[in-house]
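Novice: Following is a predicted model, sequence given first.
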Amino acid sequence: MYEVFDSYLNRDTWHAREEAEDEAFFTALGQVLANPGFDPDAMGDYMRQAKGLTGNSQDQLAGVINDRARDARAVLLFRRFNAGL
């Protein structure tokens, strides 16, 4: 399921916090968010593996992936607690 993020991760500037990168990430996220097996931490693990990072990496790329997992968790929780919106 997490392969949907490959198009985002294959962008040269995927790690930049710019509107185009946000759009690419959230577009991919929208394709898997409704899947009951979706897990933001597993998504982050997939991204780290795809980028050749270890689980304990502390560099800038690992930080961006941690931020994206946090973004996904926030969207998931928002949807759960605001299903009627």
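Specialist: Arrived safely.

Novice: next helix or strand past whichever strand or helix holds Phe25?
Specialist: Under the criterion of DSSP states H and E, Phe25 resides in helix 19-32. Downstream of helix 19-32, the next assigned helix or strand under DSSP H and E is helix 40-50.

Novice: Tell me which residue is most central in the protein.
Specialist: Most central in the chain under Cα atoms, centre = their mean is Arg68, positioned 4.3 Å from the mean C-alpha point.

Novice: That one and Gly44 touch, don't they?
Specialist: Yes - the pair Arg68 / Gly44 is scored as a contact, 7.0 Å apart, by Cβ atoms under 8 Å. For glycine as for every other residue, the C-beta is placed from the backbone atoms N, C-alpha and C.

Novice: residue contacts, the residue nearest to the residue nearest to the centre of the chain when sequence neighbours are not counted?
Specialist: Leaving out its chain neighbours, the residue that sits closest to Arg68 by Cβ to Cβ, 6 or more residues apart in numbering is Phe25, at 6.0 Å. Applying Cβ atoms under 8 Å, 6 or more residues apart in numbering to Phe25 gives the contacts Phe5, Tyr8, Trp14, Arg68, Asp71.

Novice: hang on, the earlier thing: give me the distance between the residue nearest to the centre of the chain and Gly84.
Specialist: The spacing between Arg68 and Gly84, counted by Cβ to Cβ, to the nearest Å, is 27 Å.

Novice: One more: Ala50?
Specialist: Applying Cβ to Cβ, the value for Ala50 to Gly84 is 35 Å.

Novice: Please say which of the two ends up with more neighbours.
Specialist: Neighbour count, other Cβ atoms under 10 Å: between Ala50 and Gly84, Ala50 has more, with 16 against 4.

Novice: give the contact list for the more buried one.
Specialist: By Cβ under 8 Å, 6+ apart, the contact set of Ala50 is Phe5, Asp6, Leu9.

Novice: Flag the shaky bits of the chain, pLDDT-wise.
Specialist: Applying pLDDT under 70 to the chain flags the ranges 55-58, 85.
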